[in-house]
Each structure stands twice: as C-alpha cells, then as structure tokens.
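Asker: with the input below, show me the fold.
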Amino acid sequence: MYTGKGNTIDAVDRKILKFLIKNARMPFLEIARECGVSGAAIHQRIKKLESSGIILGSRLIVDPKTLGFDVCAFISIRIQDPMLQSQTVTELKKIPEIVECHYITGTYNIMVKLYCLDNEHLMRTIFDHVLRIPGVSNTQTYISLSETFQRQVYVDCLDE
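Answerer: Presented below is the predicted three-dimensional model:
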C-alpha cells in the first residue's frame, strides 16, 4: 500500500507499526512471533520504516502533571510579516515551556502548546517571552481544562 511521499508498506509493516505504537518497548522477537516472520526480518523491516521516515523514533512520555506542570495551554500567534515566520519559530524553540509548534490556517499563523507550573507562570511566559518576539502582533490563549486522551496516528485506516 502506498502511504504518500514515495513510501510503500504492506500488511506486515502495518502490523509492526500497530504493535510499536501500542508499546514502543515491545521486544522485536515478540513482534516477529505475532507477525509470523523471523526476528531478522522484523529488524530489517523496522530499519526500512526508519530510513523511509515512517518511523521517526521512539520516546519516553512523561506526565507533566506529575512534575508539577498543572497548566496546559495553547497559544495562537499572529505574525505581522509572514517573512518573519521562520525567525519566530526559531525564537519559540528557545522557550522551554513550549512543547509543540504548528503553522496553522486562519486568522493566526502559528499555534503552540505549552506546559506551565501555574497561571502566573503562564502569564510570565506569554508576556516575558512570546510577546517579546519581534513580529508577534497578537496572541490568543486557550487553557486546557483536562486532556481526555492522546494517541498516535490511526494505523488501522491504512488497511487495504
């Protein structure tokens, strides 16, 4: 099956992805057993999925609340001059509270997700950092009351 960007994956690749999305630490031999192929084949297929850019890596996920980050917020950012977008993103990367950054359509140009200890920390981050970036003309902040779920891309939709 063609997945875009020149990538072709088959049913075994989709099955591997489903297992790794559910548990990135699942042993390759267990995946091999579930897929009915050898351990060496799993290693080769995962290397192929990595080199083609389908698998970007694996990571440990930490619950921000357990570390005291009680506020999750999203900030829409309007930039005066679209030519300043890449400079703005470079400056946003320097703000450690920001964990995601997206170019968006609509009235604003960029949306970021950030975690702060409390509302005062959020306010300081907005006023002392985000609004001081040259070219940022306006922001709109949304505070998340509760994250109901989080997941990776839905691999089952790739089934033929």
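Asker: what about the residue nearest the centre of the chain, which SS state?
Answerer: Nearest to the mean C-alpha position of the chain, counting by Cα atoms, centre = their mean, stands E100 at 6.5 Å. In three-state terms, and counting by DSSP: H, G, I helix; E, B strand; the rest coil, E100 is strand.
Asker: neighbours of the closest residue to it other than its chain neighbours, how many?
Answerer: In space, and not counting its chain neighbours, E100 is closest to K113: 4.0 Å by Cβ to Cβ, 6 or more residues apart in numbering. Placement of C-beta: from N, CA and C, glycine included. Close neighbours of K113, defined as other Cβ atoms under 10 Å, add up to 16.
Asker: right, and K113 touches E97 too?
Answerer: No: counting by Cβ atoms under 8 Å, E97 is not a contact partner of K113; they are 9.6 Å apart.
Asker: look up how far I55 lies from H129.
Answerer: Taking Cβ to Cβ, to the nearest Å as the measure, H129 falls 33 Å from I55.
Asker: Q85 too?
Answerer: When Q85 is compared with I55 (using Cβ to Cβ), they lie 28 Å apart.
Asker: those two: who's more crowded?
Answerer: I55 (18 against 15).
Asker: now the nearest residue to that one once chain neighbours are set aside: which helix or strand?
Answerer: With sequence-adjacent residues excluded and distances taken as Cβ to Cβ, 6+ apart, I55 is closest to L49, at 4.4 Å. Here L49 sits within helix 39-51, counting by DSSP states H and E.
Asker: heading C-terminal from that helix, find the next helix or strand.
Answerer: strand 71-79.
Asker: which parts of stretch 61-81 are buried?
Answerer: P64, F69, V71, C72, A73, I75, S76, I77, I79 (16 or more other Cβ atoms under 10 Å).
Asker: where exactly do the helices run in the protein?
Answerer: 11-22, 28-35, 39-51, 85-93, 119-128 (DSSP state H).
Asker: what residues sit buried inside the longest one?
Answerer: Spelled out, that is helix 39-51. Neighbour-count burial for helix 39-51 [16+ other Cβ under 10 Å]: I42, R45, I46, L49.
Asker: over to the last one?
Answerer: Within helix 119-128, the residues that count as buried by 16+ other Cβ under 10 Å are H121, L122, T125, I126.
Asker: which strands and helices sit next to that helix?
Answerer: Applying 3 or more Cβ pairs under 8 Å, 6 or more residues apart in numbering; DSSP states H and E, we find helix 119-128 packed against strand 71-79, strand 110-116, strand 136-144.
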